[in-house]
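*Asks:* I would like the atomic coordinates for the input below:
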Amino acid sequence: MFENLSDRLGKTLKNISGRGRLTEDNIKDTLREVRMALLEADVALPVIRAFVGKVKEQAIGTDVSKSLTPGQVFVKIVQKELEMAMGGINENLDLKAAPPAIVLMAGLQGAGKTTSVAKLAKFLTEREKKKVLVVSADVYRPAAIKQLETLANEINVGFFPSNIEQKPVAIANAAIDHAKKNFFDVVIVDTAGRLHIDDSMMHEIKDLHQSINPVETLFTVDAMTGQDAANTAKAFNDALPLTGVILTKTDGDARGGAALSIRHITGKPIKFMGVGEKIEALEPFHPDRIASRILGMGDVLSLIEEVEQKVDRKKAEKLAKKVKSGKGFSLEDFRDQLVQMKSMGGMMGMMDKLPGMGNMSDKIKDQMDDKITIQMEAIINSMTPAERERPDIIKGSRKRRIAAGSGTQIQDVNKLLKQFSQMQKMMKKMSGKGGMKKMMRSMQGMMPPGGMGGMFNR
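*Replies:* Numbering: from 1, shown residues only. The predicted structure is shown next:
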């Protein structure tokens, strides 16, 4: 998300110059560029006006300290205002009510509402250790009920059955009654969507809300609809007391207009964002981290949290011991690393969260394409156990067999073996005395001059 906005702002903000203090003169052109970048990102006009006005007000007359350039000072102001535009802080779900806490999900058809119910159920089960029951009150689409049942079984959470002959209010109340008797902590109620806002849908969801009195009423909206997402959220917010928004399909949204418009237009926080199709692809929405991502400064905190959640610790410890004992790093280990990386959104998903990666050349980005990691995994899968353990035995005829078995070319096999050899050397370095420090030093060398701020002044 935000690729277009990041590129445009990155180029704009590094051009700011001047000495001693920021003035109307030396920020005029940059502010115009910022306005254009936000327009291209499909941010709503009232939001752009308010944002640019606040940045200008904060910037004019600000003294530039000797350790910073005008560009860096301006970036700090823009970053702060981006955070504020998106709500300032992450707002968690408020589930303090006597159990079961009821969460009502609203949204238009096609916004990813049912999938978001399952993603949220998985998130609450794994991260918050809650016992969750999901139920569908969408009596117009039997497929939606079946879809929720399938997803609930997949993530191993409670599912309360319903059918199209029942009334939504009766379904929800029966599910809540079942949850009380069976000691569930949270009930998530999926509701019917339409292709557009209409009176009958609004009446139905208002009646449902009044009957079950949820602690959280979340609106699910597709990020790719840009500022329309904010306008739809406002229409729902006028009809229902929304407590927050789940922004879906952010991985397919290169602009980011919805994320920057929703808070200003509805007054309601974005609480989560869907970052992919997989059932675990739901992240809490942190305005400060998103602002950093937009400005190409990365989002290391989210990356650390992801690593903690998704990396198999036992496997990681076993590998660390193996490398330390001098037994080396095999292709089997390399494949395990590729699989772990895939579970964290792939190489580009991780790279997007690292500082300065927005400035990578297209050539480097192509080398980190997630299709390449899938191809690498396929090549290793085509090898015998002996070849994975001792890659030096992989010569001509073996290479031809591996390439044919993985649907690749011999040069792809050669490239993988070369990359593996480099990885092996790196692992060897790490296993020696002070290895981690050496590793960190070499990584630091990859960073732009002047750390994160230096990215805008090259």
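*Asks:* and the strands in the stretch 351-458 of the chain?
*Replies:* Counting by DSSP state E, counting those that start in this stretch, the stretch 351-458 of the chain forms no strands at all.
*Asks:* with the stretch 151-300 of the chain instead?
*Replies:* Under the criterion DSSP E, counting those that start in this stretch, strands of the stretch 151-300 of the chain are mapped to 158-160, 186-190, 216-222, 244-248, 270-274, 282-284.
*Asks:* adding mean neighbour count, write those out as TSV.
*Replies:* (Each C-beta comes from the backbone N, C-alpha and C, glycine too.) Below are these laid out as TSV (neighbours: other C-beta atoms under 10 Å):
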stretch	mean neighbour count
strand 158-160	21
strand 186-190	27
strand 216-222	25
strand 244-248	26
strand 270-274	25
strand 282-284	21
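*Asks:* next up, the contacts around Ala235.
*Replies:* Ile197 (C-beta atoms under 8 Å, 6 or more residues apart in numbering).
*Asks:* my error: substitute Ile188 in the last question.
*Replies:* Contacts for Ile188 were tallied using C-beta under 8 Å, 6+ apart; they are Val103, Met105, Val117, Leu120, Ala121, Val132, Leu133, Val134, Val135.
*Asks:* sort out for me which of these are in helices.
*Replies:* Val117, Leu120, Ala121 (DSSP state H).
*Asks:* most neighbours, which of these?
*Replies:* Val117 (29 neighbours; other C-beta atoms under 10 Å).
*Asks:* separation between that one and Leu416?
*Replies:* The spacing between Val117 and Leu416, counted by C-beta to C-beta, to the nearest Å, is 40 Å.
*Asks:* coming back round to it: dump the strands of the stretch 151-300 of the chain to CSV, plus mean pLDDT and distance to Gln72.
*Replies:* CSV is the format used below for the strands of the stretch 151-300 of the chain (pLDDT from 0 to 100; distance: least, C-beta to C-beta, whole Å):
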stretch, mean pLDDT, distance to Gln72
strand 158-160, 91, 51
strand 186-190, 93, 44
strand 216-222, 89, 35
strand 244-248, 89, 30
strand 270-274, 89, 28
strand 282-284, 87, 28
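*Asks:* so which of those gets nearest Lys371?
*Replies:* Smallest distance to Lys371 across the strands of the stretch 151-300 of the chain (C-beta to C-beta): 22.1 Å, for strand 270-274.
*Asks:* quick one: list the elements packing against that closest one.
*Replies:* If you count contacts as 3 or more C-beta pairs under 8 Å, 6 or more residues apart in numbering; DSSP states H and E, strand 270-274 packs onto helix 113-126, strand 244-248, helix 257-266, strand 282-284.
*Asks:* domains in this structure, by residue range?
*Replies:* 3-85, 101-292, 302-456 (automatic domain parsing).
*Asks:* could those domains go into JSON lines alongside distance to Glu91?
*Replies:* Shown next, in JSON lines, are these (distance: least, C-beta to C-beta, whole Å):
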{"stretch": "domain 3-85", "distance to Glu91": "13"}
{"stretch": "domain 101-292", "distance to Glu91": "4"}
{"stretch": "domain 302-456", "distance to Glu91": "16"}
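*Asks:* any idea which of those is most buried?
*Replies:* Among the domains of the chain, domain 101-292 has the highest mean neighbour count (mean count of other C-beta atoms under 10 Å), at a mean of 20.
*Asks:* and that one, how far from the chain's centre?
*Replies:* 17 Å (C-alpha atoms, centre = their mean, to the nearest Å).
*Asks:* first-to-last residue distance for it?
*Replies:* 33 Å (C-alpha to C-alpha, to the nearest Å).
*Asks:* so where's the stretch 351-458 of the chain uncertain?
*Replies:* 351-370, 427-458 (pLDDT under 70).
*Asks:* try the chain
*Replies:* For the chain, the ranges with pLDDT under 70 are 1-22, 26, 63-71, 195, 252-255, 296-328, 341-370, 427-458.
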